[in-house]
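Asker: could you work out the structure for the sequence below:
(one chain, ligands or ions: 1)
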Amino acid sequence: MHVLLCEDDDLIACGIVAGLQAQGLTVDRVATAGAARALLQAAHFDVMVLDLGLPDEDGLALLGALRKQGEVLPVLVLTARDTVTDRVAGLEAGADDYLLKPFDLRELCARLHTLLRRVAGRAVNAIEHGPLRYDPSTRQAWLAGQPIDLSRREQALLQALLHSRGRVLSSDQLKDSVYGFTDEVESNALNVHIHHLRRKLGNDIVQTVRGLGYRLGQVQP
Ligand code: CA
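Answerer: Purely as a prediction, here's the structure:
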């Protein structure tokens with residue numbers, strides 16, 4: 001899961017980044033609404049965590065503007081404001097969930113997973129794909145009931161493919177899911193992870209769509 005964190009408080013932001021990374025999530029952090037807009041143009045994210053009190057623009061104004069432009073990215077709002085008026089304003093601006101500061105990092109992580117599941121229309125935790133089962137909250141994969149060891153990058157790659165079942169993802173979109181925006185990425189790194197995933201889950205798990213990218217294929221047990 002690739003998270004965009006928009007939070008101007010360095011201390012809070014560092015805590016969130018470390019906490020989410022420890023849970024295996026890929027996080028890019030920005031401190032202003034302007035930087036968030038720029039990064040949303042440049043990369044693909046699965047979810048945004050948005051602080052409301054930003055130095056250049058109110059978080060709700062940013063969210064409202066993004067929704068007006070048709071941005072459908074799920075957004076979890078972090079706020080110290082907790083009145084009914086604030087909550088209604090947040091929902092009207094297009095927030096998908098709320099977390100009141102101060103909060104526990106484990107709760108943030110759990111809420112993000114719930115949010116993604118809700119968006120993907122799934123009621124259960126694990127994703128089934130033929131004989132493959134994958135649990136995004138624990139990042140564990142099973143093949144025909146046998147646990148499979150995947151590296152962090154392989155987990156992120158598999159998760160991106162599972163979340164986009166039936167769709168072709170360009171290699172840039174896959175890189176966005178697997179790496180942070182600021183990570184140094186070797187040019188053939190994605191191919192290496194795809195190779196490893198194929199070795200562990202069968203050659204057809206990642207289908208190459210010539211000239212376009214990749215999509216989830218079948219699993220041979
Ligand atoms: Ca703030």
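Asker: residues in contact with stretch 130-141?
Answerer: Residues outside stretch 130-141 that contact it (CB atoms under 8 Å, 6 or more residues apart in numbering) are 1, 24, 110, 113, 116-117, 125-127, 142-145, 147-148, 150, 152, 155, 158-159, 162, 201, 205, 218-219, 221. Glycine gets a C-beta too; all of them are placed from N, C-alpha and C.
Asker: how much space between the residue in the chain that the ion sits nearest to and residue 214?
Answerer: Residue nearest to the ion within the chain: residue 53 (3.6 Å; CB to the ion). Residue 53 sits 40 Å away from residue 214, taking CB to CB, to the nearest Å as the criterion.
Asker: compare these two (neighbour count), which wins?
Answerer: Using other CB atoms under 10 Å as the criterion, residue 53 and residue 214 rank with residue 214 on top: 21 against 14.
Asker: need the contact list for the more buried one.
Answerer: 161, 168-169, 171, 174, 194, 206-208 are the contacts of residue 214 under CB under 8 Å, 6+ apart.
Asker: next, the buried residues of the lowest-mean-pLDDT helix or strand in the chain.
Answerer: Least confident element among the helices and strands of the chain, by mean pLDDT, DSSP states H and E: helix 84-93 (a mean of 79). Buried residues in helix 84-93, counted by 16 or more other CB atoms under 10 Å: 86-87, 89-90, 93.
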